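Colleague: Show me how the following folds:
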Amino acid sequence: MALLLATKTRVLKALRKEAKGRGLSVTQYLEVAPHGDLIALIAQVDPNVNPAEIIPGLPDIPPVDVTRWGLPPKAALSTDLSRPVPVIAAAVDAARAGDWRPAADLLGRSYGDWAMRSAAVHALGEAAADDATWIQAWRAAAGEHRDLAAVDAHGLFWLAWKLRGNQPPEATAPQQHEAFYQTVQRSEAAAHRAAELAPEDPTPWSTLIILSRGRGYDGNAFGAVWRELQARDPLHRTGHEFALMYMTPEGPGGYDQVFAFAERAAASPSLAFLVLQAAFGYEDHDEKIWRDPRVHRAIDAVLARLATPAGGGVDAGGDRRWAAHALVSAGRGAEAVPLFAQLGTDASSRYNTGIGKAFRLASEQMDSDTDSPGIPKHALAQENSGAWRFAHRAYVPAGRPVIAAMSAASAGSSACDPACQSRKKSALSASRPAPIMRSRAAARLSSS
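Modeller: Numbers count the residues shown, from 1 in each chain. Now for the predicted structure:
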């Protein structure tokens, strides 16, 4: 949510300047400033942002009926990881109902199609973490089996995060931390066993790549796992996603290595999204990264892949979400509209960019005529069971006329009531990201 956080930072600086000119602290200024003045100040910083998102208590931009532009209403969106691929959805539905056989059939038939297997194991693993009854029934019927072992290892990875929760470290109980680390160790052992049962399968090695931060692997340990994955599938998408996360530094330094890795991988169109993932991580430090020619080349490569007859295959949804976010962040928002339409009710996403961190797509200036089709104002990431959930909120025209009208309507209003003042006081500080647990690399996945 770097774009929104960056706007809040600039608003805070502007508030300090205004308050200082009046001999007030920021808190005092927020208590006495009329809504109209605050809305006007926010509009000077970013004319397209919703004032209510910056300072609670300010008027909200009215919701817009997105169905006017062919998008489904928010209530119709599905955050189920399995929804984008019908055959995976059917297996997950059956598993959640207690029937393991469709999952076993899918994994058996698709063995060797590592992209399908990765997506299926990821979705089935979450179902196993929610309720392992069907896994136990599968084990009782089939005994030790390579497909069951792959799902079991990945399910323990999911379970570790569900036990920990998604709160920042200081808000997480010691018992939750301990449960997390114990379950991650179980997942690691299960992944090694799955690799023994299926020596040619990259899936267990991908699970180990995912666990690398949670287990605190050093460079040598990570490198050993990475080489095993590469030997089995040099273009494994999930493995590359989490390898890039493993390399991503906490601060702005060290990103040359991250982008070099992403660009090398992006020589294959199926991995072009990695440059966008790298930019997404870096935008917290400098949102101008979206102007970088490397990013625009990667966007074009992802769009070109989506335009092929195969259309990105099982990973098409992930490519569309990355492209949509990057297009709007890079000032090419109009090109993202068809991607949102193609996503339809699919509001799922791979567990690939950090729990607790939300996509926010900033709108471009469009025709101020409210009858003209707008572009996505922003998208909100909704978190459910520890995975990214991508959801549309509204299509709106340009923000400046709307905010100007709001400012005029609020002109002359006096300071808000005590409850409103309390919300104002905490607004900017509450929006700051939680501290990162540096002693445990796992925190990168839980808070960013």
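Colleague: From here on, just use CA atoms for contacts and neighbour counts.
Modeller: Will do.
Colleague: Any regions of the protein where pLDDT drops low?
Modeller: 1-6, 48, 62-64, 66, 69, 251-253, 349-448 (pLDDT under 70).
Colleague: got the buried residues for the longest helix along it?
Modeller: As assigned by DSSP state H, the longest helix anywhere in the chain is helix 174-197. By neighbour count with 16 or more other CA atoms under 10 Å, helix 174-197 contains the buried residues 176-177, 179-181, 183-188, 190-195, 197.
Colleague: Tell me which stretches of the chain form strands.
Modeller: 375-381, 390-396 (DSSP state E).
Colleague: What's the local residue count around A75?
Modeller: 8 (other CA atoms under 10 Å).
Colleague: Please apply the same query to K17.
Modeller: With other CA under 10 Å as criterion, K17 counts 15.
Colleague: One more: D201?
Modeller: Neighbours around D201, by other CA under 10 Å: 24.
Colleague: hang on, it packs against R232?
Modeller: Yes - with contact defined as CA atoms under 8 Å, D201 counts as touching R232 (6.7 Å).
Colleague: before we move on, the earlier item: who touches the longest helix of the chain?
Modeller: Applying CA atoms under 8 Å, 6 or more residues apart in numbering, the contact partners of helix 174-197 are 145-146, 149-150, 152-157, 159-161, 163-165, 201-202, 204-205, 207-208, 211, 214-215.
Colleague: Now restrict these to buried residues only.
Modeller: Buried among those by 16+ other CA under 10 Å: 146, 149-150, 152-157, 159-161, 163-165, 201-202, 204-205, 207-208, 211, 214-215.
Colleague: Okay, and which of these map to helices?
Modeller: 146, 149-150, 152-157, 159-161, 163-164, 204-205, 207-208, 211.
Colleague: so how far is A191 from A307?
Modeller: 36 Å (CA to CA, to the nearest Å).
Colleague: Likewise for P47?
Modeller: The value you get for P47 to A191, if CA to CA is used, is 50 Å.
Colleague: roughly how far is the longest helix of the chain from the heart of the chain?
Modeller: 24 Å (CA atoms, centre = their mean, to the nearest Å).
Colleague: Then stretch 331-346?
Modeller: On CA atoms, centre = their mean, the centre of stretch 331-346 falls 16 Å from that of its chain.
Colleague: the domain parsing of this protein - what is it?
Modeller: Domain segmentation of the chain under automatic domain parsing yields 2-65+412-430, 84-247.
Colleague: A103: what's it in contact with?
Modeller: A103 makes contact with 88, 91-92, 94-95, 124, according to CA under 8 Å, 6+ apart.
Colleague: Go again with 10 Å.
Modeller: 87-95, 109, 120-121, 124, 134-135, 138, 147-148, 151 (CA atoms under 10 Å, 6 or more residues apart in numbering).
Colleague: Those, buried ones only, as a ChimeraX selection?
Modeller: Buried members of these, defined by 16+ other CA under 10 Å, are picked up in ChimeraX with:
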select :88,89,91,92,93,94,95,120,121,124,134,135,138,147,148,151
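Colleague: So for D201 and R232, which residues contact both of them?
Modeller: W114.
Colleague: What number of residues are in the vicinity of A301?
Modeller: For A301, the neighbour count with other CA under 10 Å is 21.
Colleague: is it true that it touches E263?
Modeller: No - between A301 and E263 there is no contact, the gap being 11.6 Å when judged by CA atoms under 10 Å.
Colleague: one step back: list the ones among the contacts of A103 that fall in helices.
Modeller: Per DSSP H, those map to helices at 87-95, 109, 120-121, 124, 134-135, 138, 147-148, 151.
Colleague: roughly how far apart are T183 and L30?
Modeller: T183 is 46 Å from L30, by CA to CA.
Colleague: Can you give the distance of stretch 80-96 from its chain's centre?
Modeller: So, by CA atoms, centre = their mean, the centroid of stretch 80-96 is 20 Å from its chain's centroid.
Colleague: same deal with stretch 31-51?
Modeller: 28 Å.
Colleague: now stretch 120-137
Modeller: Put simply, stretch 120-137 sits 22 Å off its chain's centre (CA atoms, centre = their mean).
Colleague: buried ones in it?
Modeller: Under 16+ other CA under 10 Å, the buried positions of stretch 120-137 are 120-129, 131-136.
Colleague: ok, now stretch 61-80?
Modeller: 61, 65-66, 71-74, 77-80.
Colleague: Sort out which one of those lies nearest A323 for me.
Modeller: L71 (17.4 Å; CA to CA).
Colleague: Would you agree that closest one is in contact with D65?
Modeller: Yes - assessed by CA under 10 Å, L71 is found in contact with D65 at 8.9 Å.
Colleague: measure V49 to V328 for me?
Modeller: Distance from V49 to V328, by CA to CA: 14 Å.
Colleague: same question, A142
Modeller: 49 Å.
Colleague: More neighbours: the two, which one.
Modeller: Neighbour count, other CA under 10 Å: between A142 and V328, V328 has more, with 24 against 11.
Colleague: Just give the number of residues close to the residue nearest to A243 when sequence neighbours are not counted.
Modeller: Once flanking residues are discounted, A243 sits nearest to I209: 6.5 Å by CA to CA, 6 or more residues apart in numbering. The local packing of I209 (other CA under 10 Å) involves 27 other residues.
Colleague: Spit out the contact partners of I209.
Modeller: 188, 203, 215, 217, 222-223, 225-226, 229, 238-243, 245-246.
Colleague: Only the buried members of those residues: can you turn that into a ChimeraX selection?
Modeller: Selecting only the buried entries of the contacts of I209 in ChimeraX, with 16+ other CA under 10 Å as the criterion:
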select :188,203,215,217,222,225,226,229,238,239,240,241,242,243,245,246
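Colleague: Can you flag which of the contacts of I209 belong to helices?
Modeller: 188, 203, 222-223, 225-226, 229, 238-243, 245-246.
Colleague: and of those residues, the nearest to G317?
Modeller: T238 (13.8 Å).
Colleague: Check the gap between that closest one and A119 for me.
Modeller: For T238 relative to A119 (CA to CA), the value is 9 Å.
Colleague: which residues does R164 contact?
Modeller: 172-181, 183, 386, 446.
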